[in-house]
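[1] Provided below are the primary sequence and the corresponding predicted coordinates.
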Amino acid sequence: MTDSNLMEKIVSLCKRRGFIFPGSEIYGGLAGTFDYGPYGVVLKENVERLWLQMFRDSRDDMYGVDAAILMNPKVWEASGHVAGFSDPLAECKKCKKRFRADHLDDAKKCPECKGALGDVRQFNMMFKTHAGAMEDDSATVYLRPETAGGIFTNFKNVIDSLHPKLPFGIAQIGKAFRNEIAPRDFIFRLRELEQMEVEYFIHPSEWEHAFEEWRKVMHFFAEAIGLPQNMIHELEVEDKDRAHYSKRTIDFEFEYPFGRKELWGLAYRGDFDLSAHETNSKVELKYLDEATGEKFTPHVIEPSLGVDRTILAILTSAYREDDMGADVRTYLALAPKIAPVKAMVSPLLKNKPELALKAREVRAELQKIHPAIAWDDNGNIGKRYRRQDEIGTPFCITIDFDTLGEKPELKDTVTLRHRDTGEQERLTVAKVAERIRTAIQ
Ligand code: ATP
């Protein structure tokens, strides 16, 4: 399978099985936007829930916020986005198409019509709109280009309301918007994206320790969501490529089918953000250490994770094809913790009410462990298994006449089928429940 072939297969599976659809599809789509469908949205929620558990809820030093997407435009002046959140743009003089200049092999020639490209200019990637009835410049607001802005502006609110001691952090999941010149590679480069970000506030002397700690948490998270460690590569961003205020940045790159590209980032941002917001807002954004009497601007470590790039990494690394001779079995080897459906229960035959009754009972029993236990009695059992394989359901459970006691020694046992191997075993319902519980813990 070639890499572009793999992407085509994943895009097609996502659409066919209700994971991800092109945005506004019935109107021909809108570049850089995608909609999560019934299974995609649950996969995304499962990933986000794990992130919240690991980055926020299991820790005493973390707090959550859910800030507004529209913010006072001064936020983005202070952060430097109004002046500098731009990508280099080159326009073809002949066909008028626009390209990201730093992604071109030949900076002079149009990759589409071979016409000459004009001079490169900076293109600001923030989406602009207007708040209220006036449409003049005084009413300009931006859709936030990153969620971090809403964290920094709430630093003082969190300190004043909850009085946390340093070090502490604020976590947020939410949408961000970037007017990318060339959205591409399915959900890798979007115009509307989702981020999971932490700003971790520290005493400047603690930065190396905190940086290492978050770096480990990011790897634990990768493991928890089932990303193969050997497909993740840390890239130390060199001095010349780093923002001037950052003393260290690591890009976590992932081996996507279209190349090794940035999945997540971890940055030491110094006191850049809080100092800039303090200067611009004229509101003091400092921390008073009551034990030592020292008052200072905390420094910040920022683990920043894109949700959509995470989902794409999960899908591309979980996609499998098994050659079965007559045909090919496709499945997603998703970690049971994040699989949208944990197990499927089905009666062997559709038109036998006694089987359905027992199967419903078994399903209700298993739903005490997790609600996402599906029901399927359509088509033959082989087809049902294949449908679940394609959405990454780790277990299928079949109820037959032996379950009902046709062979007395097998009464109340069911067939448990494993997604990755296709192997089946005969177990009691209690044992099956135990297997599911252990797998999704
Ligand atoms: P790139 O260099 O690929 O444009 P970036 O360095 O600008 O990315 P950051 O500003 O560090 O990205 O954003 C933090 C995270 O948000 C990224 O690591 C990525 O996971 C995600 N992200 C950024 N831009 C996009 C996008 N256009 N579409 C989807 N996810 C994105």
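    Everything's here; your move.
[2] is it true that Lys383 lies in a strand?
    No - with DSSP: H, G, I helix; E, B strand; the rest coil as the criterion, Lys383 is assigned helix and is not in a strand.
[3] could you check how many residues crowd around it?
    For Lys383, the tally of surrounding residues (other CB atoms under 10 Å) stands at 11. All C-beta atoms are positioned from the backbone trio N, CA, C, and that covers glycine.
[4] can you name the residue of this protein nearest the ligand?
    Nearest residue of the chain to the ligand, counting by CB to the nearest ligand atom: Gly306, 2.2 Å away.
[5] ok, that residue to Leu117 distance?
    Look at Gly306 and Leu117: by CB to CB, to the nearest Å, they are 29 Å apart.
[6] the residue of the chain closest to the ligand pairs with what?
    Gln195 (DSSP bridges).
[7] now do the SS call for Lys216.
    Following three-state DSSP, we place Lys216 in the helix state.
[8] give me the distance between stretch 238-252 and the centre of its chain.
    Centroid separation for stretch 238-252 versus its chain: 23 Å, with CA atoms, centre = their mean, to the nearest Å.
[9] other residues contacting that stretch?
    207, 211, 215, 218, 222, 232-237, 262-270, 272 (CB atoms under 8 Å, 6 or more residues apart in numbering).
[10] in PyMOL, how would I select the buried members of these?
    In PyMOL, a selection of the buried entries from the contacts of stretch 238-252 looks like this (16 or more other CB atoms under 10 Å):
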select buried, resi 207+211+218+222+232+237+263+264+265+266+267+268+269+270+272
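[11] which ones among the contacts of stretch 238-252 lie within helices?
    Mapping these onto helices (DSSP state H) picks out 207, 211, 215, 218, 222, 272.
[12] of those, which ones also sit close to the ligand?
    Of the residues in these, proximity to the ligand by CB under 6 Å from any ligand atom holds for none.
[13] the domain parsing of this structure - what is it?
    3-71+144-316, 341-440 (automatic domain parsing).
[14] between the ones in helices among the contacts of stretch 238-252, which is nearest Gln424?
    Closest approach between the ones in helices among the contacts of stretch 238-252 and Gln424, by CB to CB: Ala222, at 31.5 Å.
[15] which residue sits closest to that closest one, ignoring its sequence neighbours?
    In space, Ala222 comes closest to Ile232 once its chain neighbours are excluded; the distance is 5.7 Å by CB to CB, 6 or more residues apart in numbering.
[16] go on, Thr33?
    Ranked by CB to CB, 6+ apart and with sequence neighbours excluded, the top spatial neighbour of Thr33 is Gly23, at 3.1 Å.
[17] Lys108 too?
    Nearest one to Lys108, counting by CB to CB, 6+ apart, is Leu117 at 5.8 Å.
[18] quick check: that neighbour vs Pro88, distance?
    As for Leu117, its distance to Pro88 is 11 Å (criterion: CB to CB).
[19] and this protein, which residues reach the ligand?
    Contact residues (CB under 6 Å from any ligand atom) of the chain with the ligand: 146, 178, 180, 189-190, 193, 195, 262-265, 304-306, 308-309.
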